[in-house]
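In: Quick check, what structure comes out for this input:
(one chain, ligands or ions: 2)
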Amino acid sequence: MRSGFVSIVGRTGVGKSTLLNRIIGEKVTVASRHKNTTRTPVRGILHSDGAQVVFVDTPGFHKPKTVLGQRLNSAASGSIPGADVVCFVVDATQPIGKGDESVASRIPKSSICVLNKIDRAPHDEILRQLARASQFGFSEYFPVSSRTGRGVDELVHEIVRRMPEGPEYFPEDMISDYSDEEWIAELVREELLKRTREELPHSVACQVTEVDWPRVRCEILVERDSQKPIVVGKGGQVLKEVGTAVRKQMPDGAFLELFVRVEKGWQGRTDVLDRLGYNPK
Ligand SMILES: Nc1nc2c(ncn2[C@@H]2O[C@H](COP(=O)(O)OP(=O)(O)OP(=O)(O)O)[C@@H](O)[C@H]2O)c(=O)[nH]1
Ligand SMILES: [Mg+2]
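Out: Ligands and ions are numbered 1, 2, ... in the order given. Reported below is the predicted structural model:
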């Protein structure tokens with residue numbers, strides 16, 4: 001049996017979560033067009049012939065503006081020392097810059113560099129980006145598209161090949177380490193991310209506060225009074241849509257209650273961050 005841990009790191013928005021979902025073949029982590037979507041390390045477990053690979057999707061590195069931001073960076077850094085393989089993801093559609101260099105300087109040279117979003121870059125640009133990325137001096141480079149799946153099998157093949165001999169860390173039917181409560185809260189946040197703009201996605205946090213099956217209560221925190229009506233929507237329209245979309249992804253018969261609560265400036269408050277589980281582990 002081969003098994004081990006793979007940390008997926010990179011700047012925010014480069015497509016780490018989309019890559020993990022593609023590798024596992026199911027949605028195990030939330031991705032979105034907004035920056036700093038991933039807020040805690042998320043494990044996705046790949047079971048293949050004689051091998052088990054535990055991928056860790058991490059929050060994207062960025063210049064932090066809040067205590068939450070600092071915690072996201074720490075959580076990402078924290079996932080590096082325990083990894084058997086580090087996958088460093090860069091974006092094929094954006095210039096490789098200081099942000100990428102800063103991540104590159106924190107990880108071992110044996111890391112695999114993944115050039116993602118090649119579906120959106122012309123062939124000659126992909127070659128130029130690979131040439132730029134090669135200056136980091138990592139052991140291997142894989143151009144992939146997490147959106148179409150191109151190149152992902154080759155990447156996974158190499159990762160499995162690198163796994164050391166080891167035990168089965170998780171049972172065969174387990175593909176994520178989220179609890180049901182955590183996952184429902186993430187699904188609610190995902191649906192809100194699809195429907196909100198500008199700074200609001202950063203100001204929203206979700207937490208399941210009560211489960212009395214089939215009734216599940218999920219709280220949506222916002223930072224300011226003015227944000228509450230936007231999340232609720234005209235005549236409760238946004239909440240209704242979010243509830244319907246999330247229920248479709250829950251077991252039949254589930255009854256989801258959504259509440260919006262103002263928690264002033266929660267992104268800067270360590271007590272709230274601790275309660276939400278946004279901790280550097
Ligand atoms: N065209 C294209 N878009 C992609 C690809 N991979 C990811 N994206 C898009 O890029 C955006 C960011 O993707 P995420 O997977 O959330 O990025 P992330 O690196 O996890 O971001 P953080 O969690 O903020 O660090 C989303 O809109 C994705 O749909 C890809 O291969 N091709
Ligand atoms: Mg992510």
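In: So, low pLDDT: which residues of the stretch 101-250 of the chain?
Out: For the stretch 101-250 of the chain, no stretch is flagged by pLDDT under 70.
In: Go again with 90.
Out: Along the stretch 101-250 of the chain, the model assigns pLDDT under 90 to residues 197-199.
In: Tell me which stretches of the stretch 1-150 of the chain form strands.
Out: Under the criterion DSSP state E, counting those that start in this stretch, the stretch 1-150 of the chain contains strands at 2-10, 42-48, 51-57, 85-91, 112-116, 140-143.
In: just checking, what packs against the longest one?
Out: Secondary-structure packing of strand 2-10 (3 or more Cβ pairs under 8 Å, 6 or more residues apart in numbering; DSSP states H and E): helix 16-24, strand 51-57, strand 85-91, helix 98-104, helix 152-162. For the C-beta atoms, the positions are set from N, CA and C on the backbone; glycine is no exception.
In: ok, is it in contact with ligand 2 or not?
Out: No. Shown here: strand 2-10 not in contact with ligand 2 (Cβ under 5 Å from the ion), separated by at least 8.6 Å.
In: Alpha carbons only: can I get that strand in PDB?
Out: In PDB, the C-alpha atoms belonging to strand 2-10 read as follows (Å, rounded to 0.1, in the frame of the first residue of the first chain):
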ATOM      1  CA  ARG A   2       1.300   3.500  -0.900                       C
ATOM      2  CA  SER A   3      -0.200   6.400   0.900                       C
ATOM      3  CA  GLY A   4       0.600  10.000   1.900                       C
ATOM      4  CA  PHE A   5      -0.300  13.600   2.100                       C
ATOM      5  CA  VAL A   6      -0.200  16.200  -0.700                       C
ATOM      6  CA  SER A   7      -0.500  19.900   0.100                       C
ATOM      7  CA  ILE A   8      -2.000  22.000  -2.700                       C
ATOM      8  CA  VAL A   9      -0.700  25.500  -2.300                       C
ATOM      9  CA  GLY A  10      -0.600  28.800  -4.300                       C
END
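In: got the angle between that strand and helix 152-162?
Out: 130 degrees (axes from the mean of the first three to the mean of the last three Cα atoms, to 10 degrees).
In: ok, residues contacting strand 2-10?
Out: Here strand 2-10 makes contact (Cβ atoms under 8 Å, 6 or more residues apart in numbering) with 16, 19-20, 50-58, 60-61, 76, 79-80, 82-90, 100, 103, 106-107, 159-160, 162-169.
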